[in-house]
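*Asks:* predicted coordinates and the sequence they were generated for:
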Amino acid sequence: MTGDDLKALMPQLEEYHRRFHGYFCRSEGRQWSRKYLIGLLLPIERKNVENIAEEVGAPPRKLQEFLSDSPWDDEGCIEEHQRFVGEMFGAPNGVVIFDDTGFPKKGDKSAGVGRQYSGTMGKTDNCQVGVFMSYASAHGHTFVDRRLYILSQRFEESAADRRKRAAIPSFVSFQTKIQLAMEMLEKAHKRGHLLFQWVSGDGAYGDAHEFRKFVDALGKWYCFEVHCDTHVWTEDPDWKVPEVTGKRRGRKPKLPKPTTASPGAVTASSLESVIPQADWRRICLREGDKGPREFEFARVRVFEKWNGKPGPASWLMIRRTLGTEDKEVKFYLSNAPETVSLSEMAWAGCQRWSIEVDFKLAKGEAGLDHYELTKYRGWYHHITLSMLALAFLKAVQRQWEKKECFGYCA
């Protein structure tokens, strides 16, 4: 977006910003949030506090205080943001997607910073990690919530000074990435601003049995990517509670166990070769910048394995690239009904690509990773405003009816 573009869009941006007025502290908070939002949309190389303050004519210290210390309601902003996204992109078959991204950092003062693996960086390094939830439909896609992941050792007594320095509230406790994702999903479900039927994510989230169970309990369908060594049964495991014979002492067994007739579980990867070629379908997922994105898909009914025990009947979907060179195979588990078509399931499961596009766009155009803040509240405030900036760009993109926006394939 150029400076001239933003100037022409200012009336629209002012109207958009008014939706969030009630969540900022007094007129000063509304003023600083407006300036920061404008700064995040400006075509400047590094969108940190100092550079934004210089561009929008604001005192750097005031802008810093607004982000790091002002107690404005970022969760209220997120709820209003989800309402806006629902209005703009909502569809009954919408997909909620989960993924995390790393923010490289130097030093040890930032909230949640530490040596940890980041898929974004492709290695273990000093960084912060944010867990993000996005929403996708045929109308578009963007982020709708976020959580800062904090390593478990940061909650040990020996790390008390570090928590105090980063202003991490006393009510915050350790949560896994899966727990953070479930928390966001539950909130969005209760708020009801986002229409969705599907939940998706990569293997880091799909391999979590408790997450799949949680989605199913909400009455939603999941189509999660899982790793190739995921175990499933291709027929009923037929586990039974052992019968008590003779004069056995002690408690009677209550839990089902495999019997001599029970089939063994197999890996997901072992099923690709046994699916007849006639059962594979070529499906075009989307138009990419290099032409149609087509893959072959097939699926089989299986029984999931949850914590070593038989789980529910579901679909194992397999996706593979066309041709034989550099072949890539992906596996998905889905609790969708048997009546759901393979093409719909393929579309929903592969929507997880959209969150990767949003990470790239948000970091390139909305300053998602440009912050230089150390406090817990500062991270949430910056990320929230960056998400609002991205949603505004997405709304403009739809308004202009472009397939590509600001150099990135959407």
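*Replies:* Received the coordinates, thanks.
*Asks:* so what's the residue count around G367?
*Replies:* Burial of G367 is recorded as 26 neighbouring residues (other Cβ atoms under 10 Å). (Each C-beta comes from the backbone N, C-alpha and C, glycine too.)
*Asks:* report the separation between Y149 and R212.
*Replies:* 20 Å (Cβ to Cβ, to the nearest Å).
*Asks:* so what are the domain limits for the chain?
*Replies:* Residue ranges for the domains of the chain, per automatic domain parsing: 3-68, 228-244+252-337.
*Asks:* quick one: end-to-end distance for the shortest one.
*Replies:* The first and final residues of domain 3-68 sit 27 Å from each other (Cα to Cα, to the nearest Å).
*Asks:* neighbour count winner among Y149 and R212?
*Replies:* R212 (24 against 19).
*Asks:* wait, a strand at that one?
*Replies:* No - R212: not assigned to a strand; according to DSSP: H, G, I helix; E, B strand; the rest coil it is helix.
*Asks:* show me what contacts the residue nearest to R30 when sequence neighbours are not counted?
*Replies:* Excluding the flanking residues, the one nearest R30 by Cβ to Cβ, 6 or more residues apart in numbering is F24, at 4.8 Å. Residues in contact with F24 (Cβ atoms under 8 Å, 6 or more residues apart in numbering) are R30, W32, S33, S70, W72, D73.
*Asks:* tell me the spacing between the second one and E65.
*Replies:* Meaning W32. Counting by Cβ to Cβ, the separation of W32 from E65 is 8 Å.
*Asks:* and what of the first one?
*Replies:* Note on R30: its distance to E65, by Cβ to Cβ, is 15 Å.
*Asks:* higher neighbour count, these two?
*Replies:* With neighbours defined as other Cβ under 10 Å, R30 and E65 compare such that R30 has more, 18 against 15.
*Asks:* which one of the domains of the chain is the most hemmed in?
*Replies:* domain 3-68 (a mean of 16; mean count of other Cβ atoms under 10 Å).
*Asks:* the domains of the chain: lowest mean pLDDT?
*Replies:* Averaged per stretch, pLDDT over the domains of the chain is lowest on domain 228-244+252-337, reaching a mean of 89.
*Asks:* that one: how far from the chain's middle?
*Replies:* 23 Å (Cα atoms, centre = their mean, to the nearest Å).
*Asks:* again with stretch 243-259
*Replies:* 44 Å.
*Asks:* where along the stretch 251-400 of the chain do the helices fall?
*Replies:* Listed in chain order, the helices found in the stretch 251-400 of the chain under DSSP state H, counting those that start in this stretch are 342-349, 353-365, 376-400.
*Asks:* can you tell me the closest non-neighbouring residue to A336?
*Replies:* The nearest residue in space to A336 (Cβ to Cβ, 6+ apart) is W221, at 4.3 Å.
*Asks:* pretty sure S134 sits against T101.
*Replies:* No - contact between S134 and T101 fails when scored by Cβ atoms under 8 Å: they sit 11.2 Å apart.
*Asks:* the more surrounded of those two?
*Replies:* S134 (28 against 24).
*Asks:* whatever helix or strand that one lives in pairs with which strands, parallel or anti?
*Replies:* Element membership for S134, per DSSP states H and E: strand 123-137. In the sheet, strand 123-137 lines up against strand 95-104 (antiparallel), strand 114-118 (antiparallel), strand 140-149 (antiparallel) (DSSP bridges).
*Asks:* the last one versus helix 376-400: what angle between them?
*Replies:* If I follow you right, that is strand 140-149. Angle of strand 140-149 versus helix 376-400, following axes from the mean of the first three to the mean of the last three Cα atoms, to 10 degrees, is 170 degrees.
*Asks:* got the angle between strand 140-149 and helix 353-365?
*Replies:* Using the same axes, to 10 degrees: strand 140-149 against helix 353-365 is 80 degrees.
*Asks:* and the first one, by the same measure?
*Replies:* Regarding strand 95-104 and helix 353-365, their directions subtend 40 degrees when assessed with the same axes, to 10 degrees.
*Asks:* same question for strand 95-104, mean pLDDT?
*Replies:* 96.
*Asks:* end-to-end on stretch 53-66?
*Replies:* In stretch 53-66, first residue to last residue: 12 Å (Cα to Cα).
*Asks:* got the contact list for it?
*Replies:* 28-29, 32-33, 35-36, 38-39, 42, 44, 49-50, 52, 72, 373, 381.
*Asks:* for A391, find the nearest of the domains of the chain.
*Replies:* With Cβ to Cβ as the criterion, A391 lies closest to domain 3-68 of the domains of the chain, at 8.4 Å.
*Asks:* next, V241: phi, psi?
*Replies:* phi -70, psi 120 (degrees, to the nearest 10).
*Asks:* got a list of what the closest residue to it other than its chain neighbours touches?
*Replies:* Nearest non-adjacent residue to V241, counting by Cβ to Cβ, 6+ apart: P256, 5.2 Å away. Residues in contact with P256 (Cβ under 8 Å, 6+ apart) are W239, K240, V241, K309, P310.
*Asks:* out of the residues you listed, which are inside strands?
*Replies:* Members of the contacts of P256 lying in strands (criterion: DSSP state E): K309, P310.
*Asks:* tell me which of the contacts of P256 is nearest to I168?
*Replies:* K309 (37.3 Å).
*Asks:* if I look at the closest residue to the closest one other than its chain neighbours, how far off is S262?
*Replies:* Leaving aside its sequence neighbours, K309 sits nearest to W239 (Cβ to Cβ, 6+ apart; 7.4 Å). For W239, the distance to S262 (Cβ to Cβ) stands at 6 Å.
*Asks:* give me the distance between the residue nearest to V241 and D238.
*Replies:* 9 Å.
*Asks:* which neighbours do those two share?
*Replies:* With Cβ under 8 Å, 6+ apart applied, the contact sets of P256 and D238 do not overlap.
*Asks:* dump the residue contacts of the most centrally placed residue in the chain.
*Replies:* Here the mean C-alpha position of the chain is nearest to the C-alpha of F98 (Cα atoms, centre = their mean), at a distance of 2.1 Å. F98 sits next to V131, F132, M133, S134, A181, M184, L185, V199, S200, G201, Y205, I355 when contact means Cβ under 8 Å, 6+ apart.
*Asks:* who is P310 paired with across the strands?
*Replies:* K305.
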